[in-house]
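J.: Structure, please.
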Amino acid sequence: MLKYQYYLNNNVVLRKEYFGGLVFNKNTGNTLDVDRETFVLLQLLEQNHQLFKNEIYYLMNKLDYSFEISDLTSVLKELIKYKIVLFNKIIYCNRSKGKLSYDINHNWSNNIFLSAPETVHWAATYRCNLNCPDCYARRHKDLFEEMTFSEAKLMIDKLTKAKVFQLAIGGGEALIRDDIADIVKYAANCGLVVHITTNIDNFNSEKVQSMSSHLTALQFGIDADRLLADTNYLEKLHLSYLITREMQINVGVNLILTKMVINNFNYIIQSLVEVGFKNIVLLRYKPHDNQKRWLQENVKPRKLKNFESNMKEIISKYDNSVRFRFDCALSFLQRNINPKTAKKAGIRGCVAADRILAIGPDGSIYPCSQLITEDTKIGNILKTDFNELANNSKKLREYRDFRNQIVFRSSICGICKAKDHCGGCRVFSNNRKEDDIGCPEPIIGDINNCGKHGRKGDLKNYFKTHSYISVGTYMERYGVGQKRAVKELKNNDWLVKRYDSDTGRKKSDYYMKRINNTIYEIQDLIGYTSGGVPFAREEEIKEWIKGEELYPDWLQRINEII
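T.: So this is what the prediction gives:
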């Protein structure tokens with residue numbers, strides 16, 4: 001009698017976690033979270049190599065996991081869909097149950113975070129052959145020494161021991177390193193899936209060829225200025241694409257959504273697809289050391305909101321022929337997805353310090369490749385037990401747990417319905433802990449039930465379109481009594497009473513944002529016409545100040561120091 005025999009895909013890696021475990025497919029690069037029962041099932045397949053369904057059922061019951069046959073069938077179907085489990089149809093043989101192994105460790109971690117990141121982003125160097133005006137890494141290039149080849153191997157050994165799945169190598173320009181091919185080979189031989197990001201000007205086909213069998217994917221960083229202005233750039237990009245595809249490397253592009261890119265989005269995407277690219281990663285425009293240029297090229301939330309529908313329409317034209325992905329800083333572009341659907345699809349928003357970690361050229365560890373500062377440094381992988389650090393660092397826990405901190409819960413992101421699968425980018429959050437100042441439109445539910453932290457967050461959103469709020473309006477908006485309204489308004493340090501003569505306690509008393517005082521001070525400094533009309537209108541000054549607010553405060557401090 002023919003029956004199905006199930007086995008674990010050889011390209012699948014299992015890693016036990018507090019909730020069950022992570023299942024990583026090296027072929028697809030996808031990671032799946034599974035519960036404890038499913039993880040145990042996969043461990044049984046790993047131990048026994050191949051099992052019939054009745055054998056799986058028997059072993060699960062021996063381990064006190066009471067899968068019904070119908071449930072077991074459903075789980076296997078799902079695992080087969082993700083190509084985690086494979087099967088053969090063979091002649092059934094009734095094997096001795098005593099020969100089956102079920103030596104499974106039932107101890108689960110008490111931690112409520114991952115034992116190690118899924119992916120580590122390593123800046124192999126901050127040196128580069130180009131000087132792109134929008135490069136965020138440029139400010140780091142003179143601040144770090146670089147690992148030797150021996151030190152790079154030590155780093156890889158520690159990541160392998162921790163069961164990290166992927167090593168994403170960037171910079172600067174990673175291909176500048178003479179030993180980069182040897183590093184890639186070593187990492188791949190240790191079991192890591194290796195990716196590299198490069199620019200076409202430094203694309204060395206011989207160097208890439210030497211590591212091609214060990215490299216899973218290569219991404220080209222696109223210079224949109226040159227793409228729009230120079231036809232030779234597209235030709236060079238096309239040639240680089242063809243060479244890489246001949247090496248059988250998965251190849252794609254990274255496209256940063258500057259104002260210019262958004263204005264020419266349709267043409268740029270069409271050009272990239274015509275070149276042949278089928279993997280396009282859309283990246284948020286990150287702040288860099290040239291604050292003036294960044295404020296000019298950064299996309300304001302209102303314009304970004306208008307771009308959303310246009311972007312979706314353009315992307316939909318390519319159906320499933322082109323794979324578009326968003327970096328986690330653009331999670332708000334997926335905020336309208338149902339939270340349950342997002343969870344199933346693995347959309348998690350900011351995963352800094354949890355699913356990803358960043359390592360600098362010298363081995364310094366950071367929560368994210370965008371948060372490279374002295375106060376965010378967690379340690380150094382060359383000098384630290386990596387597992388110990390990943391499990392016990394207080395600084396890591398702060399970033400992993402940002403959604404539960406009061407300062408976040410009191411922000412507009414904290415009461416957004418998409419907070420669990422978005423939450424905003426920490427780079428664009430003041431002090432890296434609050435709401436994302438660039439989100440075009442948070443999804444706010446019933447504000448009458450949002451609590452004091454939610455009211456504090458919504459109030460900031462309210463002042464984006466209003467200049468004042470009275471005690472009575474506060475009471476009506478949030479369904480609270482007068483005493484609570486007065487207390488919460490007075491405790492907001494960014495609000496002041498509209499008139500000094502007001503007590504701030506009456507329903508008719510108004511509060512305004514401190515920024516309005518600044519507006520009047522600026523108008524006084526600029527002056528007035530003979531008729532008493534200010535040379536600078538209130539709306540103009542608001543735009544100036546709002547522009548400055550969009551540049552994260554923590555980066556303003558760093559740039560002033562530099």
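J.: Whichever strand or helix holds residue 195: which residues count as buried?
T.: Element membership of residue 195 [criterion: DSSP states H and E] is strand 193-198. Within strand 193-198, the residues that qualify as buried are 193-198, counting by 16 or more other Cβ atoms under 10 Å. Backbone N, C-alpha and C define where each C-beta goes, glycine included.
J.: Got the confidence number for the nearest residue to residue 264 once chain neighbours are set aside?
T.: Leaving aside its sequence neighbours, residue 264 sits nearest to residue 228 (Cβ to Cβ, 6 or more residues apart in numbering; 6.0 Å). Reported pLDDT at residue 228 in the predicted model: 94.
J.: Kindly report the same for the one 4 residues further on.
T.: In this model, residue 232 is scored at 93, pLDDT.
J.: With residue 521 instead?
T.: 60.
J.: same question, residue 543
T.: If you check residue 543, the pLDDT there is 58.
J.: Now do the helix or strand just after the strand holding residue 195: which elements does it pack against?
T.: Using DSSP H and E, the helix or strand that follows strand 193-198 in sequence is helix 205-211. Secondary-structure packing of helix 205-211 (3 or more Cβ pairs under 8 Å, 6 or more residues apart in numbering; DSSP states H and E): helix 180-189, helix 231-246.
J.: Considering the ones you listed, which stretch scores lowest in mean pLDDT?
T.: When the helices and strands packed on helix 205-211 are compared on mean pLDDT, helix 231-246 scores lowest, with a mean of 94.
J.: any idea how far that one is from the chain center?
T.: Averaged C-alpha coordinates place helix 231-246 at 29 Å from its chain's average position (Cα atoms, centre = their mean, to the nearest Å).
J.: Helix, strand, or coil at residue 227?
T.: Of the three states, residue 227 takes helix under DSSP: H, G, I helix; E, B strand; the rest coil.
J.: For it, the count of nearby residues, please.
T.: 20 (other Cβ atoms under 10 Å).
J.: Nearest residue to it in space, please, no chain neighbours.
T.: Excluding the flanking residues, the one nearest residue 227 by Cβ to Cβ, 6+ apart is residue 233, at 5.4 Å.
J.: Please tell me how far the one you found sits from residue 200.
T.: To residue 200, residue 233 is 8 Å away according to Cβ to Cβ, to the nearest Å.
J.: how about the residue nearest to residue 264, what does it touch?
T.: Residue 228 makes contacts with 260, 264, 267-268, as judged by Cβ atoms under 8 Å, 6 or more residues apart in numbering.
J.: element containing residue 307?
T.: Element membership of residue 307, judged by DSSP H and E, is helix 301-316.
J.: all strands of the stretch 401-550 of the chain, in order?
T.: For the stretch 401-550 of the chain, the strands defined by DSSP state E, counting those that start in this stretch cover 468-470, 495-497, 510-513.
J.: Tell me the strands beside the last one, with direction?
T.: What it means is strand 510-513. Looking at strand 510-513 with DSSP bridges, its partner strands are strand 468-470 (antiparallel), strand 495-497 (antiparallel).
J.: right, so of the ones you listed, which gets closest to residue 442?
T.: Nearest to residue 442 among these is strand 468-470; the distance by Cβ to Cβ comes to 18.5 Å.
J.: buried residues in the closest one?
T.: For strand 468-470, a neighbour-count test (16+ other Cβ under 10 Å) marks 469-470 as buried.
J.: now swap in stretch 443-457 and tell me
T.: Neighbour-count burial for stretch 443-457 flags 447, 450, 452-457 (criterion: 16+ other Cβ under 10 Å).
J.: Same check on stretch 242-261?
T.: Across stretch 242-261, burial judged by 16+ other Cβ under 10 Å covers 244, 249, 251-261.
J.: Which residues does that stretch contact?
T.: The set of residues external to stretch 242-261 that reach it, using Cβ under 8 Å, 6+ apart, is 134, 197, 203, 205, 208-209, 212, 215-222, 224-225, 228, 241, 268, 272, 276-286, 296-299, 303, 323, 330.
J.: Can you flag the buried ones in these?
T.: 134, 197, 203, 208-209, 212, 215-222, 224, 228, 241, 268, 272, 277-286, 297-299, 330.
J.: now stretch 265-275: how far from the chain's centre is it?
T.: On the basis of Cα atoms, centre = their mean, stretch 265-275 sits 24 Å off its chain's mean C-alpha point.
J.: Quick check on residue 360: phi, psi?
T.: Recorded main-chain torsions at residue 360 are phi -80, psi 170, according to degrees, to the nearest 10.
J.: where in this protein is pLDDT low?
T.: Residue ranges of the chain with pLDDT under 70: 515-526, 531, 538-551, 554-562.
J.: And for the residue nearest the centre of it, nearest residue in space, chain neighbours not counted?
T.: Nearest to the mean C-alpha position of the chain, by Cα atoms, centre = their mean, lies residue 328 at 2.6 Å. Nearest non-adjacent residue to residue 328, counting by Cβ to Cβ, 6+ apart: residue 350, 5.5 Å away.
J.: sorry, back to before: in its sheet, what does the strand holding residue 195 sit against?
T.: Counting by DSSP bridges, the strands paired with strand 193-198 are strand 166-170 (parallel), strand 217-221 (parallel).
J.: the inter-axis angle of the first one versus helix 180-189?
T.: Okay, so that is strand 166-170. Interaxial angle, strand 166-170 versus helix 180-189 (axes from the mean of the first three to the mean of the last three Cα atoms, to 10 degrees): 170 degrees.
J.: what does strand 166-170 contact?
T.: By Cβ under 8 Å, 6+ apart, the surrounding residues in contact with strand 166-170 are 29, 118-124, 156, 159, 180, 183-184, 187, 192-197, 369.
J.: In ChimeraX, how would I select the buried members of those?
T.: Here is the ChimeraX command that selects the buried residues among the contacts of strand 166-170 (16+ other Cβ under 10 Å):
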select :29,118,119,120,121,122,123,124,156,159,180,183,184,187,192,193,194,195,196,197,369
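J.: Nearest to residue 358, out of the strands paired with strand 193-198?
T.: Among the strands paired with strand 193-198, the nearest to residue 358 by Cβ to Cβ is strand 166-170 (9.4 Å).
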